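[1] Build the 3D model from these lines:
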Amino acid sequence: MRKLTLNIHSTKQLANGIEMPRLGLGVYKMTEPDIAIQAITAALDYGYRHIDTASLYANEKEVGDAIRASNVPRKDIFITTKVWNTDQGYDQTLRAFEKSLELLGMDYVDLYLTHWPVKETFVDTYRAIERLYDEKLIRATGVANHHAHHLEAIAAKANIKPMVNQIECHPRLTQFDLREYCEEQGIAITSWSPLARGRILEEPTLKRISTKYSKSTAQTIIRWHLQHDLIVIPKSENPSRIAENMDVYDFELSFEDMKNIDALNLNERTGKDPDNFSF
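    Residues are numbered from 1 along each chain as shown. Model prediction:
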């Protein structure tokens, strides 16, 4: 566990040299346009520079609108979006990306991901993502919810490895083996559902550690992700919670506390296993 110097401006350098902000706002389930715009606006005001959306979330337009209405230049904001499962395949992915770009109202996206590894199409989907990268329509390539065997299938056909793998990760699902594999391959990890959808906020060990640092349980968990060199995208529509989730740079979890949080792992998912989903 190497020590990282972390602050509000901290980024993780991807395999191609692009700097990706380590903390971002996830906007899953923000389907009310006014609420989505309010949340994204608050996040940008508080210093967030990374917004994670997807075609499935049906709020790419609001992401673009909020960014244009802010006083933050587009070049200073890192935008991730994803191709949904029903749009996968080589040609379909290229068309889906065009639609996402149009909804965002942008001329490029920073990171484009395959949302889930649809068995018949995920390798061709990633080939399309490579093409978008070659054409400079995206700044980095990536996938989500891919196990090591999915990444190996991609590597057999790809010219460029995925630079990011976005996976479910939290203290109840630490994904240590997959994280280690990705680190060996130079693939950065983004944690989705980093707070286990709120299910672990009352966990006694986490509450005890949080009290020690005078922090909320959510702040302690976010800090755990960051100290593990993970990119983290907590979701909230609440402006005060969005601010709280960013306030994680004035303390550092001890080695012992990091290990105690690691020990909470039960390999327990809040979402589907990438080897067993049907959507």
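
[2] measure residue 158 to residue 80 for me?
    19 Å (C-beta to C-beta, to the nearest Å). All C-beta atoms are positioned from the backbone trio N, CA, C, and that covers glycine.

[3] cool, and residue 37?
    Distance from residue 37 to residue 80, by C-beta to C-beta: 18 Å.

[4] before we move on, what about residue 274?
    Computed as C-beta to C-beta, the residue 274 to residue 80 distance reads 18 Å.

[5] now swap in residue 145 and tell me
    Residue 145 is 14 Å from residue 80, by C-beta to C-beta.

[6] cool, and residue 246?
    Look at residue 246 and residue 80: by C-beta to C-beta, they are 18 Å apart.

[7] Identify the contacts common to residue 145 and residue 80.
    Shared contacts of residue 145 and residue 80 (C-beta atoms under 8 Å, 6 or more residues apart in numbering): residue 166.

[8] higher neighbour count, these two?
    Counted by other C-beta atoms under 10 Å, residue 145 and residue 80 do not tie: residue 80 has more neighbours, with 27 against 23.

[9] Would you agree that one falls within a strand?
    Yes. Per DSSP: H, G, I helix; E, B strand; the rest coil, residue 80 lies within a strand segment.

[10] OK, contacts around it?
    Contacts of residue 80 (C-beta under 8 Å, 6+ apart): 24, 50-53, 109-113, 142, 166, 190.

[11] make it 7 Å
    52-53, 110-111, 113 (C-beta atoms under 7 Å, 6 or more residues apart in numbering).

[12] and what of residue 196?
    By C-beta under 7 Å, 6+ apart, residue 196 lies in contact with 170, 172, 270.

[13] What is the nearest of the residues you listed to residue 95?
    Ranked by distance to residue 95 (C-beta to C-beta), the contacts of residue 196 are led by residue 270 at 31.2 Å.

[14] Any figure for the gap between that closest one and residue 241?
    The value you get for residue 270 to residue 241, if C-beta to C-beta is used, is 18 Å.

[15] can you count the residues close to the nearest residue to residue 145 once chain neighbours are set aside?
    Spatial nearest neighbour of residue 145, excluding adjacent residues (C-beta to C-beta, 6 or more residues apart in numbering): residue 274 at 4.3 Å. For residue 274, the count of nearby residues is 20 (other C-beta under 10 Å).

[16] cool, and residue 265?
    Counted with other C-beta under 10 Å, residues neighbouring residue 265 total 14.

[17] same deal with residue 247?
    Applying other C-beta under 10 Å, I find that residue 247 has 14 neighbouring residues.

[18] can you tell me which residues contact the nearest residue to it once chain neighbours are set aside?
    Spatial nearest neighbour of residue 247, chain neighbours left out: residue 219 (6.5 Å); criterion: C-beta to C-beta, 6+ apart. Contacts for residue 219 were tallied using C-beta under 7 Å, 6+ apart; they are 244, 247-248.

[19] hang on, residue 219 in a helix?
    Yes. When classified by three-state DSSP, residue 219 is found to be part of a helix.

[20] can you redo the contacts of residue 219 as JSON lines with secondary structure, pLDDT and distance to residue 177?
    As requested, these are exported to JSON lines (DSSP: H, G, I helix; E, B strand; the rest coil; pLDDT from 0 to 100; distance: C-beta to C-beta, whole Å):
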{"residue": "244", "secondary structure": "helix", "pLDDT": "98", "distance to residue 177": "32"}
{"residue": "247", "secondary structure": "coil", "pLDDT": "97", "distance to residue 177": "32"}
{"residue": "248", "secondary structure": "coil", "pLDDT": "98", "distance to residue 177": "26"}
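
[21] Quick one: the residues you listed as a markdown table, columns for distance to residue 85 too.
    What follows is those, written out as a markdown table (distance: C-beta to C-beta, whole Å):
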| residue | distance to residue 85 |
| --- | --- |
| 244 | 33 |
| 247 | 36 |
| 248 | 33 |
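
[22] and which of those is nearest residue 16?
    residue 248 (27.3 Å).

[23] Cool, thanks, talk later.
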